[in-house]
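In: take a look and give me a structure for this.
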Amino acid sequence: MQEARYNPNVDILKAGSMEMKGEECRLSNFMGAIALSDLVKTTLGPKGMDKILQSSGRTGNATVNVTNDGATILKSILVDNPAAKILIDISKTQDDEVGDGTTTVCVLAGELLRQAEKLILIEQLHPQTIIEGWREAAEVAKKALEASAVNHFSDPETFRKDLIDIASTTLSSKVLSIDKDHFANLAVNAVLRIGDMPNSPKSLNKRPRNLELISVMKKLGGTMQDSYLEDGFLLNKRIGIGQPKRLENAKILVANTSMDTDKIKIFGARVKTDNIDTVAGIEKAEKEKMKAKVEKIINFNCNCFINRQLIYNYPEELFANAGMMAIEHADFDGIERLASALGGEVVSQFDDPTGVKMGGCDLIDEVMIGEDTLIRFSGLKGGRACTIVLRGSSAQLLEEADRSLRDALCIVASTVRDSRVVFGAGCSEALMAAAVSKAATSLRTDEELKTAEKKSFGKVKAMEAFAQALVQIPLIIGESAGMPAQFAHDLAEIHRRSDGTCRQGLDINNGTFLDAQAAGITESFLSKSSSLEYAVEAAEMILRVDDIIRCAPRQRR
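Out: Purely as a prediction, here's the structure:
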């Protein structure tokens, strides 16, 4: 019987599809991920460089953003390489979970893949062997990081100082670095304020902070130093004409309802009448319906009505006659946040006053910021909401300051949730690299005594490559400040000779080493550990791929 012949070159994919296999596939993934890592790595560290992001619109309408925020850069660029897309997705996960460390995730994953490329091409190691070594190295690195972490949660004053130091470290690489102490205090005060009892030991609980209760308002004019934390909630709207501008012990009804429901909203609809009296009758009927709705709202016994939609002239007049304050056209996100802060809920029907939860506050008044008049809600019933007012000379500066401050708020909130603190300036990466290097050396010695099995030595090589990738983080930080690469290797050697308690990091201002703990250069343990885990997961995912199948484009008919 004749054997069937198998032809591996038979194409089973639809015409127009593309497939990359083996080395071609792997090199394509390596090139895409490493190129993306190289794109953002120059933004890493306090002396990192900025990127200009220009939209693809017309020349006259194109927007320009100047930023060194890794999350903003990665969200703004469009990539076609699948490995690069994986890194972008992982960085978004880091941003959603922690709020900072997106650049570190991308850079570390890229450096791991750079090392993996050498192991595959030069050492001829199998990807699964590399992954096995990486997993063991990641466990060793995380244990070393946990051992180096400190926790001052039981001491409120020291823990507050840790929070300020972490916020300052986060802001040191942002546009707010000049006034980082001022903005670090703003961020810490704002996050602690949305606890139970701000600035007291009772507020230092580990329950999740709802950062939506912190509103950041950008106002042109003044300097960055003029930014401040407002004790209350600010709404960039106006109070109705003829209504009270100051209201104490406010009972507030927050609604999302149309105040012109009586108007015909069918496109193309027309009403034909024989005389002007009929038109007047229609207008009178409309007014009566509007008046009936306003009377239902007044029956709630509230003295302030806030509506997401417009409040027209006639309802506004009726509210003024009733002595009520009415605020119209509050933006949706703002009104949801405001309802939460006021302790109420957004309603859309007014038939049953007993089933509606109204909000309240001690005082509603108007406040001037620059040339704008805003509404301020003080003594909120539903929570400890607050507003950070950012001042600046340009819209681009305010946008970048907003992104930087939100990173600081997120990292402070994450540290309150997990109060462990590690040290920056490249200290943590050098410490983890030293621990992994020691473990690899120990494993190499043990395996040499037992057997010369290639897989065991491959795992050792992978662990050593993992340590080299970790050392690249302080190396990049130092290079951004103009320090020679040798400083990063010397730092790793210092930690390798220590017993795991070394706190040495890079002093990028003086071009030498410093004690990161004494200098107050600290980072969140949660941010650092999640950066390590996500980077390893992304690198593993990319390294496992040996085939890329690109579907055929859809045919237009």
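
In: count of neighbours near the residue nearest to residue 212 when sequence neighbours are not counted?
Out: Nearest residue to residue 212 in three dimensions, chain neighbours excluded: residue 337, at 5.3 Å (CB to CB, 6 or more residues apart in numbering). From N, CA and C alone the C-beta is placed, and that goes for glycine too. Around residue 337 sit 20 other residues, with neighbours defined as other CB atoms under 10 Å.

In: from what I see, residue 340 and residue 214 are in contact.
Out: No. The criterion here is CB atoms under 8 Å, and residue 340 misses it with residue 214 at 11.8 Å.

In: who has more neighbours out of the two?
Out: Set side by side, residue 340 and residue 214 show more neighbours around residue 214, with 24 against 21, by other CB under 10 Å.

In: for this structure, longest helix please?
Out: The single longest helix within the chain, with elements called by DSSP state H, is helix 454-480.

In: who are the packing partners of it?
Out: The helices and strands touching helix 454-480, judged by 3 or more CB pairs under 8 Å, 6 or more residues apart in numbering; DSSP states H and E, are helix 102-121, helix 127-148, helix 427-450, helix 486-497, strand 504-507.

In: contacts for stretch 94-104, please.
Out: 40-41, 43-44, 69-71, 74, 91-92, 105, 170, 406-407, 409-411, 413-414, 473, 524, 526-528, 530-531, 534-535 (CB atoms under 8 Å, 6 or more residues apart in numbering).

In: tell me which helix or strand residue 165 sits in.
Out: For residue 165, the host element (DSSP states H and E) is helix 156-171.

In: tell me the centre residue of the protein?
Out: residue 99 (3.7 Å; CA atoms, centre = their mean).

In: now that residue, nearest residue through space, not along the chain?
Out: In space, and not counting its chain neighbours, residue 99 is closest to residue 410: 2.2 Å by CB to CB, 6+ apart.

In: neighbours around the one you found, how many?
Out: 23.

In: same for the helix or strand containing it, what does it pack against?
Out: Element membership for residue 410, per DSSP H and E: helix 395-417. Identification of packing neighbours for helix 395-417 by 3+ CB pairs under 8 Å, 6+ apart yields strand 64-67, helix 156-171, helix 180-193, strand 214-220, strand 386-392, strand 522-524, helix 525-544.

In: same question for it, mean pLDDT?
Out: Helix 395-417 carries an average pLDDT of 87.

In: show me what counts as buried in it.
Out: Neighbour counts over helix 395-417 (16 or more other CB atoms under 10 Å) mark 397-416 as buried.

In: quick one: name whatever helix or strand follows it.
Out: Defined by DSSP H and E, the subsequent element after helix 395-417 is strand 420-423.

In: sheet-wise, list the partners of that next one with their directions.
Out: Applying DSSP bridges, strand 420-423 is found paired with strand 150-151 (antiparallel), strand 522-524 (antiparallel).

In: just checking the distance from it to the centre of its chain.
Out: 20 Å (CA atoms, centre = their mean, to the nearest Å).

In: hmm, who's touching that strand?
Out: 145-146, 148-152, 162, 166, 415, 428, 503, 505, 516-517, 521-526, 528.

In: and the helices and strands packed on helix 454-480, which one is worst for confidence?
Out: Looking over the helices and strands packed on helix 454-480, mean pLDDT reaches its minimum on helix 427-450, with a mean of 77.

In: could you give the angle of that one to helix 127-148?
Out: 130 degrees (axes from the mean of the first three to the mean of the last three CA atoms, to 10 degrees).

In: which other helices and strands contact helix 427-450?
Out: helix 127-148, helix 454-480, helix 486-497, strand 504-507.

In: how far does the longest one sit from the chain's center?
Out: Going back to what we said before, that points to helix 454-480. 28 Å.

In: what helices or strands is the longest strand along the chain leaning on?
Out: The longest strand of the chain (DSSP state E) is strand 359-369. Here strand 359-369 touches strand 247-255, helix 332-342, strand 372-380, going by 3+ CB pairs under 8 Å, 6+ apart.

In: which residues touch it?
Out: 217, 219, 232, 234, 239, 245-254, 304, 325, 338-339, 341-345, 373-382, 389.

In: buried residues in it?
Out: 359, 360, 361, 364, 365, 369.

In: what's across from the first one in the sheet?
Out: Pointing back at residue 359 there. residue 252.

In: kindly report the same for the last one.
Out: Counting by DSSP bridges, residue 369 is bridged to residue 372.

In: per-residue pLDDT, the nearest residue to residue 186 once chain neighbours are set aside?
Out: Residue nearest to residue 186 in three dimensions, not counting chain neighbours: residue 229, with 5.2 Å by CB to CB, 6+ apart. As predicted, residue 229 sits at a pLDDT of 88.

In: my read is residue 229 is in a strand, agree?
Out: Yes. Assessed with DSSP: H, G, I helix; E, B strand; the rest coil, residue 229 lies in a strand.

In: show me what contacts it?
Out: By CB under 8 Å, 6+ apart, the contact list for residue 229 reads 186, 189, 190, 193, 386, 387, 388, 389.

In: burial count for the fifth one?
Out: Per other CB under 10 Å, the neighbour tally for residue 386 reads 23.

In: show me what contacts it?
Out: For residue 386, the contact set (CB under 8 Å, 6+ apart) comprises 190, 193, 194, 213, 214, 215, 229, 230, 231, 232, 233.

In: again, only using 10 Å
Out: For residue 386, the contact set (CB atoms under 10 Å, 6 or more residues apart in numbering) comprises 186, 189-191, 193-194, 198, 213-215, 229-234, 341, 380.

In: tell me the pLDDT at it?
Out: For residue 386, the model assigns a pLDDT of 83.

In: tell me what it is bridged to.
Out: Beta bridges link residue 386 to residue 214, judged by DSSP bridges.

In: ok, so what distance separates it from residue 408?
Out: From residue 386 across to residue 408, the span is 15 Å (CB to CB, to the nearest Å).

In: look at the residue nearest to the centre of the chain and give its secondary structure.
Out: On the three-state scheme (three-state DSSP), residue 99 is labelled coil.

In: tell me the pLDDT of it.
Out: pLDDT for residue 99: 80.

In: likewise for residue 184?
Out: 90.

In: go on, the one 5 residues further on?
Out: Residue 189 carries a pLDDT value of 88.

In: adjust the sequence numbering to begin at 134 for everything that follows.
Out: Done: numbering now begins at 134, and the last item shifts to residue 322.

In: beta partners of the residue nearest to it when sequence neighbours are not counted?
Out: Excluding the flanking residues, the one nearest residue 322 by CB to CB, 6+ apart is residue 362, at 5.6 Å. Taking DSSP bridges as the rule, residue 362 bridges to residue 521.

In: and residue 362, how far is that from residue 348?
Out: Distance of residue 362 to residue 348, given as CB to CB: 11 Å.

In: who touches both of the two?
Out: Residues touching both residue 362 and residue 348 by CB under 10 Å, 6+ apart: 323, 519, 520, 521, 522.

In: surely the fourth one meets residue 318?
Out: So the one you mean is residue 521. No. Using CB atoms under 10 Å, residue 521 is not in contact with residue 318, being 11.2 Å away.

In: between the two, point out the one with more neighbours.
Out: residue 521 (23 against 16).

In: so who does the more buried one touch?
Out: Remark: with contacts taken as CB under 10 Å, 6+ apart, residue 521 is in contact with 316, 319-320, 322-323, 347-351, 360-363, 367, 535, 538-539, 542.

In: picking that back up, for the longest helix of the chain, list every residue counted as buried.
Out: For helix 587-613, by 16+ other CB under 10 Å, it's 589-613.
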